[in-house]
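> Okay, sequence plus prediction incoming.
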Amino acid sequence: MTPEPGKPDSLMQRERASARTQIEDLRSQIAEHDYRYYVLDRPTISDAEYDGLMRELRALEQRFPELVTPSSPPNAWAARVPRCCAGRAPFAHAVAGQRVFH
């Protein structure tokens, strides 16, 4: 994060630390929901709620690009497909970052 004019470094550090915690929590939630959806076939949230988590994560990662990792859900959707499910029909026509089923 680049320094913002008029913002003390300590405030920016607190914001970054808070964002890091939020990002880690969102990644964990998304991973759990992916597992329930793709592996167990028992989703516990709606697609709209899932999309909201993903939007929130993207917004935080755009604001704090130094916290982005290659394995972050918005950046590595294909890598998150469970190995046991890789050949199943739902993924045959998947679009990165979206749930597509025929």
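Arrived safely. The structure presented is a predicted model; accordingly, all values stated were derived computationally and were not measured.

> dump the residue contacts of F64.
Applying Cβ atoms under 8 Å, 6 or more residues apart in numbering, we find F64 in contact with 1, 16, 19-20, 23. C-beta: built from backbone N, CA, C; applies to glycine.

> Assign Q22 to helix, strand or coil.
For Q22, the assignment made with DSSP: H, G, I helix; E, B strand; the rest coil gives helix.

> which residues touch it?
Taking Cβ under 8 Å, 6+ apart, we find Q22 in contact with 56, 60.

> Can I get the contacts of F64 in TSV including distance to R42 and neighbour count?
Putting the contacts of F64 into TSV (distance: Cβ to Cβ, whole Å; neighbours: other Cβ atoms under 10 Å) gives the following:
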residue	distance to R42	neighbour count
M1	38	14
R16	36	15
A19	31	18
R20	30	14
I23	26	19
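
> A76: which of those residues is nearest?
I23 (14.1 Å; Cβ to Cβ).

> Okay, the closest one and A59: tell me how far apart.
To A59, I23 is 10 Å away according to Cβ to Cβ, to the nearest Å.

> what does P74 give?
P74 sits 10 Å away from A59, taking Cβ to Cβ as the criterion.

> got any ranges where the chain has weak pLDDT?
Low-confidence segments of the chain, defined by pLDDT under 70: 1-7, 77-102.

> What ranges does it have for its strands?
For the chain, no strands turn up when DSSP state E is the criterion.

> about what we covered before: need the contacts of F64 in CSV with distance to A31, can you?
As requested, these are exported to CSV (distance: Cβ to Cβ, whole Å):
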residue, distance to A31
M1, 25
R16, 22
A19, 18
R20, 17
I23, 12
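
> Cheers, nothing more for now.
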